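Chemist: following is a predicted model, sequence given first.
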Amino acid sequence: MFRTVVIEKEKELRVSNGILHITDENEDVPIPLKDIYCIVLDNLMSVCSVASLVELTAEGAHLVLCDRRHMPTAVLYPEVIHYRPYHVVKMQLETSIGLRNALWDSIVKSKLINQAEVLSFCTGNNDVSERIRELADEVEEGDGGNREGIGAKMFFRNMYGSEFVRMKDDGINSALNYGYAILRSCIVKTLYTFGYYPPMGIHHIGVGNPFNLGDDLIEPFRPLVDAWVSIHNDDLLTELTGEQRLSLISLVNMNIEYEGKNMKLRNVINLYIKSFTTALQEKDLSKFTPPVFNKKLYDSLCHAI
């Protein structure tokens, strides 16, 4: 059972004989390294030696570091552990513009469909949901008509109110930013394990962005965080509570349906990127399978922490 470990109080982290010990003056909590998926260090007073960091990342765990406002500010990833990283990067470089555009179109369509589903079961606004579904059908090559941007504007205003402004310093945006950051860290970690060079995206091309490919591939998953925020909207203040942060972190461990099977979100991410890899290798868009959400997702979120 993989675990996401959250450290919210002053602790010492040390590794001995394949076991992570999380200690303070009152207790010692041992966790086998092989059971750890991610560690969120949400306390500026905690201590972890370089030797322990090396052993944690050598086992494939990644660490998310949070600032004084408890927002993720840095991520420590394992070193690339794919057996043929040069081969994968070469494949990235040689991917045709046509296939890149087709993959991006598939991502945008999936994101729009998931936004439509989430908007429908969170707000009951079926008219706008249907229009967003129509936008998915209107996506042109490389999303030349910017249906993603149009859909996002419609989605956010109808999800959180006409006065909502993305990136404003408020509770909704704090929750969105936190949830997106956790999800992106998981996606980028998985990209590294598959041998990818994350700065090289298929659509995002930010020259100062080290995770362009992660920002491409996260898009269909964003509505999951959006739905969580809608469900908890009335309780959100400018700064998230510890319980709210823990709930957002726990999204990676919730069960969602993917290709007809229920599985943990972290496993969906792995299979999703595996399908992306197969599509690149075989130059076949049909091999790429972004996640599609349904009412079961909403029910699961309503019963989550």
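Modeler: Thanks, I have the structure now. Numbering: from 1, shown residues only.

Chemist: going forward, measure contacts and count neighbours with C-alpha atoms only.
Modeler: Fine.

Chemist: just the helices in this protein please.
Modeler: Secondary structure of the chain by DSSP state H: the helices cover 50-58, 85-94, 97-123, 126-137, 147-160, 171-193, 212-217, 222-231, 242-249, 265-282, 295-302.

Chemist: now these in CSV, with distance to residue 257?
Modeler: As requested, the helices of the chain are exported to CSV (distance: least, C-alpha to C-alpha, whole Å):
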stretch, distance to residue 257
helix 50-58, 29
helix 85-94, 28
helix 97-123, 13
helix 126-137, 20
helix 147-160, 23
helix 171-193, 17
helix 212-217, 18
helix 222-231, 12
helix 242-249, 19
helix 265-282, 8
helix 295-302, 8
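
Chemist: mean pLDDT lowest where, among these?
Modeler: Lowest mean pLDDT within the helices of the chain: helix 295-302, a mean of 79.

Chemist: residues in contact with it?
Modeler: Identification of contacts with helix 295-302 by C-alpha atoms under 8 Å, 6 or more residues apart in numbering yields 117, 118, 121, 122, 227, 228, 231, 254, 255, 256, 257.

Chemist: among these, who's most crowded?
Modeler: residue 118 (27 neighbours; other C-alpha atoms under 10 Å).

Chemist: quick check: that residue touching residue 228?
Modeler: No. Counting by C-alpha atoms under 8 Å, residue 118 does not reach residue 228; the two are 9.7 Å apart.

Chemist: about what we covered before: how about the contacts of helix 295-302, which pair is most distant?
Modeler: Within those, two members stand farthest from each other by C-alpha to C-alpha: 231 and 257, at 19.7 Å.

Chemist: how close does the most centrally placed residue in the chain sit to residue 118?
Modeler: Taking C-alpha atoms, centre = their mean, the centroid of the chain lies closest to residue 183, which sits 1.9 Å from it. Distance from residue 183 to residue 118, counting by C-alpha to C-alpha, to the nearest Å: 17 Å.

Chemist: and what of residue 30?
Modeler: In terms of C-alpha to C-alpha, residue 30 sits 39 Å off from residue 118.

Chemist: one more: residue 65?
Modeler: Remark: distance between residue 65 and residue 118 (C-alpha to C-alpha) = 30 Å.

Chemist: and residue 86, by the same measure?
Modeler: According to C-alpha to C-alpha, residue 86 and residue 118 sit 39 Å apart.

Chemist: ok, now residue 60?
Modeler: Look at residue 60 and residue 118: by C-alpha to C-alpha, they are 32 Å apart.

Chemist: for residue 89, give me its contacts.
Modeler: Here residue 89 is in contact with 195, 196, 197 (C-alpha under 8 Å, 6+ apart).

Chemist: does the first one touch residue 85 like I think?
Modeler: Yes. Checked against C-alpha under 8 Å, the pair residue 195 and residue 85 is within contact range at 4.5 Å.

Chemist: OK, contacts around residue 199?
Modeler: Counting by C-alpha under 8 Å, 6+ apart, residue 199 makes contact with 205, 209, 210, 211, 212, 213.

Chemist: ok, residue 231 next?
Modeler: Counting by C-alpha under 8 Å, 6+ apart, residue 231 touches 122, 301, 302.

Chemist: repeat that for residue 285.
Modeler: Contacts of residue 285 by C-alpha under 8 Å, 6+ apart are 99, 102, 103, 279.

Chemist: please name the nearest non-neighbouring residue to the last one.
Modeler: Using C-alpha to C-alpha, 6 or more residues apart in numbering and skipping the chain neighbours, the partner closest in space to residue 279 is residue 287 (5.0 Å).
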